[in-house]
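**Q** got a predicted model here, sequence first, then my questions.
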Amino acid sequence: MQLSRGKAKTLFTVKNQPQQLIMHFRDDTSAFNGNKIESIPGKGRLNNLFNHHIMQHLRSHHIATHHIQLINDTDSLVHSLTMLPIECVIRNRSTGSLCKRLGIPENQILDPPLFEFFLKNDSLGDPLITKSHILTFNWATRTQAELMKSLSMQVNRLLLPLFQQAGYILVDFKLEFGYQPSHPNNLFLADEFTLDGCRLWDSNTLEKMDKDRFRHNLGNVLQSYQTVATQLGIPHIHPS
Ligand code: ADP
Ligand code: UDP
């Protein structure tokens with residue numbers, strides 16, 4: 001049974017397994033809080049395989065993730081979680097909304113990496129929030145807020161070298177976390193890690209390989225996603 005349909009993924013319940021969900025990656029691609037929407041045939045499949053690869057890498061380095069296993073080309077089995085209504089963004093280089101908001105020049109190295117919380121609310125345009133907003137409005141507990149930050153930093157430390165070895169700079173990315181109601185202080189990395197939710201630049205040419213190609217009509221969106229997946233050594237990336 002369909003549980004929810006977001007901008008790019010659909011969640012389904014699993015018969016006799018109330019603690020699990022099927023996450024279906026669609027070809028739909030959206031930007032600017034859902035104001036630009038298109039279908040890119042093959043993107044759902046690529047994102048599902050890419051996400052599986054990254055989640056497996058993180059799990060092998062002791063990050064708890066919601067990902068259980070691939071079901072098929074476009075679907076994965078995940079743990080059903082109570083989601084925190086917060087987007088955690090890590091930035092290693094300045095670009096995007098950070099430059100607009102603070103007048104920072106593009107492509108400045110951010111050391112230490114910058115961590116930001118955003119409220120997940122499309123109708124408000126996902127506003128930047130602080131830990132104080134989170135505590136006052138009960139969007140998460142203090143422990144959960146601290147865990148979201150430390151887990152995001154850990155993910156960054158694990159993924160920076162993974163992408164660097166493949167020839168890319170991990171510029172920034174967004175993470176979401178959730179928990180099982182019986183263990184609210186055990187956060188799982190949830191949602192997805194794909195090129196839809198991060199910025200990745202070619203280390204030599206600084207060419208954009210991520211969803212900015214879609215946002216700014218740069219073309220070759222699927223081809224770029226495929227190139228990155230191939231460079232990472234993700235198997236079966238070319239449809240049979
Ligand atoms: P959105 O329109 O919010 O960007 P997506 O199309 O990416 O959404 O749909 C995924 C939805 O599923 C998001 O709302 C996300 O918070 C939620 N979600 C991700 N992982 C889980 C999980 N393990 N359990 C429950 N909900 C999840
Ligand atoms: N991001 C995302 N979903 C969002 C907002 C941001 O996946 O709703 C990702 C985005 O792809 C980028 C990072 O978070 O990798 C930082 O995005 P930024 O705040 O610069 O926003 P933008 O410039 O895309 O509005």
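**A** All right, it came through fine. Ligands and ions are numbered 1, 2, ... in the order given.
**Q** what about the helix or strand hosting Phe177, average pLDDT?
**A** Per DSSP states H and E, Phe177 falls inside strand 168-179. The average pLDDT within strand 168-179 is 99.
**Q** other SSEs contacting it?
**A** strand 82-83, strand 86-93, helix 142-165, strand 188-190, strand 198-202 (3 or more CB pairs under 8 Å, 6 or more residues apart in numbering; DSSP states H and E). For glycine as for every other residue, the C-beta is placed from the backbone atoms N, C-alpha and C.
**Q** the residue most central in space within the chain: what's it in contact with?
**A** Centroid-nearest residue in the chain: Phe193, 3.5 Å away (criterion: CA atoms, centre = their mean). For Phe193, the contacting residues are 50-51, 54-55, 58, 155, 159, 173, 175, by CB atoms under 8 Å, 6 or more residues apart in numbering.
**Q** let's see 6 Å
**A** 51, 54 (CB atoms under 6 Å, 6 or more residues apart in numbering).
**Q** and Met23, by the same measure?
**A** 9, 11, 76, 78.
**Q** wait, a strand at it?
**A** Yes: the assignment for Met23 by DSSP: H, G, I helix; E, B strand; the rest coil puts it in a strand.
**Q** bridging residues for it?
**A** Leu11, Ser76 (DSSP bridges).
**Q** returning to that earlier point: and the strand holding Phe177, which strands flank it?
**A** Partner strands for strand 168-179, per DSSP bridges, with pairing direction: strand 82-83 (antiparallel), strand 86-93 (antiparallel), strand 188-190 (antiparallel), strand 198-202 (antiparallel).
**Q** does any bit of the second one sit next to ligand 2?
**A** Yes: using CB under 6 Å from any ligand atom as the criterion, contacts between strand 86-93 and ligand 2 involve 87, 89.
**Q** now do the buried residues in whichever helix or strand comes after that strand.
**A** Per DSSP H and E, the first helix or strand lying C-terminal to strand 86-93 is helix 96-102. Buried residues in helix 96-102, counted by 16 or more other CB atoms under 10 Å: 96, 98.
**Q** direction included, what does the helix or strand following helix 96-102 pair up with?
**A** Next along the chain after helix 96-102, taking DSSP H and E as the criterion, comes strand 109-119. Take DSSP bridges as the rule and strand 109-119 pairs in its sheet with strand 86-93 (antiparallel), strand 128-129 (antiparallel).
**Q** so which of these is the most packed in?
**A** strand 86-93 (a mean of 22; mean count of other CB atoms under 10 Å).
**Q** so what pLDDT did the nearest residue to Gly219 once chain neighbours are set aside get?
**A** Counting by CB to CB, 6 or more residues apart in numbering, the nearest residue to Gly219 once its immediate chain neighbours are dropped is Arg213, at 6.8 Å. Note on Arg213: pLDDT of 98.
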